[in-house]
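*Asks:* I'd like to go over a predicted model; first the sequence, then the structure.
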Amino acid sequence: MHFVVIGTSAAGIAALETLRRLGGTRARLTAVTDEPSEPYSRCLLPDLLAGKKSEYSIRLRPAGFFPKLGVEFLAGFKVVALHPEEKKVFLEDGRQLSFDRLLVATGASPVMPEVPGVDTRGVFALRTLQDAREMASLFPRVSRAMILGGGLVGLKAALALKVAGVPHVTVAVASPRLLTRQLDEEAAAMVERELTAAGLEFIYNAQPRAFVPGPHGTLAGVELADGRELPADLAVVAKGVRPNVQLVREAGGLVGAGIEVDRYLRTSLPDVFAAGDCVQVTDRLTGRKTNSALWTLAAEQGRYAAANMLGLARSYPPPLTRLNSARFGNLDVVAVGKMEGEEVLRAFEGTTGTYRRLVFEGDRLVGFILAGKVKGAGVYTALVKTGRPAWKWRHLLLEGRAGRVVLGCLPPQRRVESKIS
Amino acid sequence: MPREILIDFARCTGCLSCRLACAVAHTQAKSLFDAVLAGEKPRARIFVHQLGQQKAPINCRHCTDAPCLDACMAGAMYRKEDGTVTNEGGEQRCVGCWMCVMVCPYGAITSDAAGTVALKCDRNCRDESGTPACVRACPTGALVYTEVEDYSAHRRHGALGKILAGGAGAP
Amino acid sequence: MKDLAAKAADPAVRELLEKARRQGVETVWDRYEAQLPQCGFGELGVCCRNCVQGPCRISPFEDGPQRGICGATADTIVARNLVRAIAAGTAAHSGHARHLAHALHRWAEGKAPDYPVRDEQKLRAVAARLGLQAQGFSVKELASRVASEALAQFSEGEGVLAWLKSTLPPGRLEALGRLGVLPRGIDTAISEVMHRTHLGVDADPVNLLLGGISCALADYAGCHLATDLADILFGTPAPVVSEANLGVLKADHVNIALHGHNPLLSDLVVRAAREMQEEARAAGAAGVNLVGICCTGNEVLMRHGVPPLTHSVSQELPMLTGALDTVVVDYQCVYPSLAGVAECTGTRLITTMGMAKIPGAAHVEFTEEEAAEKAREIVRLAVEAFAARRGRPVHIPPHKSRVVAGFSVEAVVAALSRLDAADPLKPLLDNIAAGNIQGVCLFAGCNNVKVPQDENFLVMARELAARDVLCLATGCGAGAYARHGYLTPEATLEYAGPGLKAVLTAIGEANGLGGPLPLVLHLGSCVDNSRAVDLAVAVASRLGVDTAQLPVVASAPEFKTEKAVAIGTWAVALGFPVHLGLVPPVLGSAAVTEVLTAKAREILGGYFMVETDPVKAAEKIYAAIGERRRALGLATRPW
């Protein structure tokens, strides 16, 4: 049995490891990626920019990982076509690979605004190691950087540039505040305070209208929709990502908000599976179909897809698609599930500088935000995920006493555990 | 046969001896007095909670389908040969993004004193007999380190592991 | 935010607690949460730190160690820890008394002019009780002799302590003598407990407990001394009308809180403040507003009508109003955390006792010789603090209740004598016999962070008063009732059963109050539990029975201190059932628990009842009262 995996980030790696673990040594594994080298963590690219990490230390797996796992690793090749009926994929150098089961883990690409000058030298997305390298090479000459987007990626990039020594870093946010998808106003304001203290500047309600090149063709400024032109010699676009669906779509596969997959992570094409940022998932709480752009989900899906590729029929439960954790300066933030609901409880704890927001629907905790102290956040996440009755724990949860909730969630008959052996 | 730390919830008096021992075992000095004298500020990786009259230690269960493994975007969290899940001593360093904290249903992952690295039970506290420090320290037998038969192990995971973890798990 | 109701019953406290949360000011409730879980060994009383081979802990489970390194069992360790707590409580109460005795003594020597005898009648009454020849002696001479007698109580003497001999019924003294528990000196008793609990001395739990009882009786003597001497120096309390709770703070006044226990300095601050209103006005204030916290608050309430502000666990909160300029403290129950809060709010915290300093507080060293000057210095510092906070916003919770306080035994007897001048106790006894008063419950002791503040006090008083049980209160218990409006005639009308209401109304009207006495009679501070004993002893003597036969019960529903342990123990030794609203750290020893709750009854008549649910506790107290009524041949009513 030959398994081919396209993509070697979170989903691809998890799938390869699971294929080997559950499939034994006889399975033939091939991994293809258009990235030129071994897998690295995209989430750590800001740390690389900031100089806190090296290219070596953002690698996801140790040197010799693929040989040790027995994977044939083809780096630097884009897969340009998929012929499901022939069970073949075609690489850009003309090579063909036959497969018995294929996993498409092609990830996602940054959404670039369709405005004049977006191709100007000095305008970047921060998605790949190559992006980071190019950006870093400009640093010595950059005095003003403009980040477009007030989401997690934008803010992390902005902070990284500041830490790396760029004198002026401005974040232009389309919304009236930061992190509208992740946080409520209170938590967003806490993040803003932290980042302002770190030296970042913010402009709200700001959309780019054009990237303006200077006399040498490199970026000189960003023109905003309101007509203002702000000087900038580096711009980072962080306006979300779009699933890479082209390969499957061109092969005739169904595509919605991402590649359509069933609960076994099968695409509509025979023996073709998909996992990670390129797929469409159904949100556990809202039932809405959406793309799956989270690291944790990608890893999870990689594992499930691999099990199903091996014929183990493991149904992938609908995931939580809002599941974020980040650290901004000294402020930790975790946001999971819904931000609004029937009953919203909020508390600020002055002693620890922690803000907590709980969203309930009936007895269920359906979402929460922790900003400040995030200890025990996983207990909240578990409550959201499992839908266990949680209203009775609201006071404890609001006070951050998650440990007590863990005790409360253990059924009485399970409380004696030592007599098992 | 693998050994596991089992918890007898009825026996915990909340004396926190396990926390003290865990913290001390993770010092350079490896002794309470020496660590205190050296100004070390170790953190315990086992937690003792109380709800009403019920007290109990909670530590990492080293879950079969550990959500912290999926969540680690730095590649720092890994499973050792002996089954221990840890973010220390591996290829990559923890970056303190708290993704693992966000997904651990037991709330068993904490941060170091500086708040830069996630800390969890790493079983790097075992003595010559292989017994973890918390178990050695427990004066009431609320923590037991014992061989777990497959069937029992399965039952235990069925009990503890799924109570909170729910959802994703199987493969 | 966990229900604020789970933390305190007092709306003013809740309001400021909410504010503390918002402002990130840490309070006793936060620190309690941070301490959880508390060590089970400590909770059981089976942890011993008395020697350096330890600490040792006895396992509550069979497979753990059952003996400490020296071989002490759980029984020995629990008993040792308990009697050490009694010794500490005794040291505190008697230390308070000793300071008063010194002041009186110094005045008599002409060295402390600020401490004249203000109640000559009480001085003569105490002298007479002690059997001292009073006729032909000047006040100063008599004061000198009473003070010398008081100071003599501390060191080892011959025979029974004068303050025990002169205040307890002969039968009870004889019974205690037979048990060998009559102490021969207060300090002697304390030091003997420390001796016998040292490694390798007394290992017999029952013998240790007897030692504890002996020390507790020394504590009783210390409390009684403190009450007597405070009355002599500052006046015997009489009913006084005032207000209580945080609403008594005045934004435009120099607000000074007197906190701690001893009236020695606080009484003089009250006098100094009266003289210094002009200085306050010169600084832009409308005047000086004195308020009380804890038992110092009780002392100055009873004698001067100074309104009590708050008590015990909520002591950190008043500063958060922003209106409190100065907190003056002496000792006992003063949380060290006050300094941190004071730093946040700009309040001046002043310690006054050389043996009780707090890092971060200003210290004005109190001396008997210059007491009035020190008091003026403190008021001056407060005026300065006012000047510094002028113009800053304040947040004073609007809650306050009217208070009628100051029921010393003398005041109670005087009130009763309006009904029967020849035999003042008779109306009380008649009503007890007739069942209009089923019995008496003395509420004493502290607040404890583990109980929603005041909740147990309030619930139990309502339950018992509705069943015609006369309620007395001292210490922070009295403070709870003050803040919740239970020290008022209105509360009597609202909560008292028909019999009790009729009796309190008859006494009230005979005294020209135009209504009943308050639902709960405020007897004073925690040392003033001695006043309750005096009343009980008077009733017992009048009836010709032992105190152990009286339908009188004591309750410490929210206790926390070692002083409370000492008081509870002597109340048991004097024959009273004593209810505890928290589990004391003795459960690690079945034998000690058995002695305290059952065996004590056989040998002393008194015993401990532990019940944490306030309604059930009231029921148990009522049952104990009923049992005693039956034994006296009096009719009882079901719960």
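*Replies:* Cool, the structure landed.

*Asks:* run a quick neighbour tally on residue C:299.
*Replies:* If you count neighbours by other Cβ atoms under 10 Å in any protein chain shown, residue C:299 ends up with 29. For the C-beta atoms, the positions are set from N, CA and C on the backbone; glycine is no exception.

*Asks:* so the residue with the largest distance to the centre of chain B versus chain A, what's the distance?
*Replies:* Here the centre of chain B is the reference, and by Cα atoms, centre = their mean the most remote residue is residue B:37, at 26.0 Å. The spacing between residue B:37 and chain A, counted by Cβ to the nearest Cβ, to the nearest Å, is 29 Å.

*Asks:* looking at the stretch 151-300 of chain A, which residue is nearest chain B?
*Replies:* residue A:299 (3.9 Å; Cβ to the nearest Cβ).

*Asks:* tell me, what residue is most central in chain A?
*Replies:* With distances taken as Cα atoms, centre = their mean, residue A:294 lies nearest the centre of chain A, 3.5 Å away.

*Asks:* check contacts around that one.
*Replies:* Going by Cβ atoms under 8 Å, 6 or more residues apart in numbering or on different chains, residue A:294 touches A:319, A:321, A:323-324.

*Asks:* show me where chain A has helices.
*Replies:* Under the criterion DSSP state H, chain A contains helices at A:10-23, A:45-49, A:65-69, A:129-138, A:152-164, A:185-197, A:246-250, A:295-309, A:377-386, A:394-398, A:402-409.

*Asks:* where in the chain is pLDDT low?
*Replies:* Unless you meant another one, I'm taking chain A. The model of chain A has pLDDT under 70 over residues A:411-421.

*Asks:* look at chain C instead
*Replies:* C:1-2.

*Asks:* then chain B?
*Replies:* In chain B, residues with pLDDT under 70: B:1, B:149-171.

*Asks:* would you mind splitting it into its domains for me?
*Replies:* B:1-59+B:126-165, B:61-120 (automatic domain parsing).

*Asks:* what parts of chain B come near chain C?
*Replies:* Taking Cβ under 8 Å from any Cβ of the partner chain as the criterion, chain B approaches chain C at residues B:11-16, B:48-50, B:55, B:139-141.

*Asks:* is it possible to export the residues you listed to JSON lines including neighbour count and distance to chain A?
*Replies:* Converted to JSON lines, the residues of chain B next to chain C look like this (neighbours: other Cβ atoms under 10 Å in any protein chain shown; distance: Cβ to the nearest Cβ, whole Å):
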{"residue": "B:11", "neighbour count": "24", "distance to chain A": "8"}
{"residue": "B:12", "neighbour count": "25", "distance to chain A": "10"}
{"residue": "B:13", "neighbour count": "26", "distance to chain A": "15"}
{"residue": "B:14", "neighbour count": "23", "distance to chain A": "11"}
{"residue": "B:15", "neighbour count": "24", "distance to chain A": "16"}
{"residue": "B:16", "neighbour count": "22", "distance to chain A": "13"}
{"residue": "B:48", "neighbour count": "25", "distance to chain A": "8"}
{"residue": "B:49", "neighbour count": "23", "distance to chain A": "4"}
{"residue": "B:50", "neighbour count": "19", "distance to chain A": "7"}
{"residue": "B:55", "neighbour count": "24", "distance to chain A": "8"}
{"residue": "B:139", "neighbour count": "20", "distance to chain A": "15"}
{"residue": "B:140", "neighbour count": "21", "distance to chain A": "11"}
{"residue": "B:141", "neighbour count": "15", "distance to chain A": "7"}
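
*Asks:* distance check, residue C:541 against residue C:121.
*Replies:* Using Cβ to Cβ, to the nearest Å, we find residue C:541 at a distance of 21 Å from residue C:121.

*Asks:* same question, residue A:31
*Replies:* For residue A:31 relative to residue C:121 (Cβ to Cβ), the value is 101 Å.

*Asks:* in terms of neighbours, single out the busier of those two.
*Replies:* residue A:31 (24 against 13).
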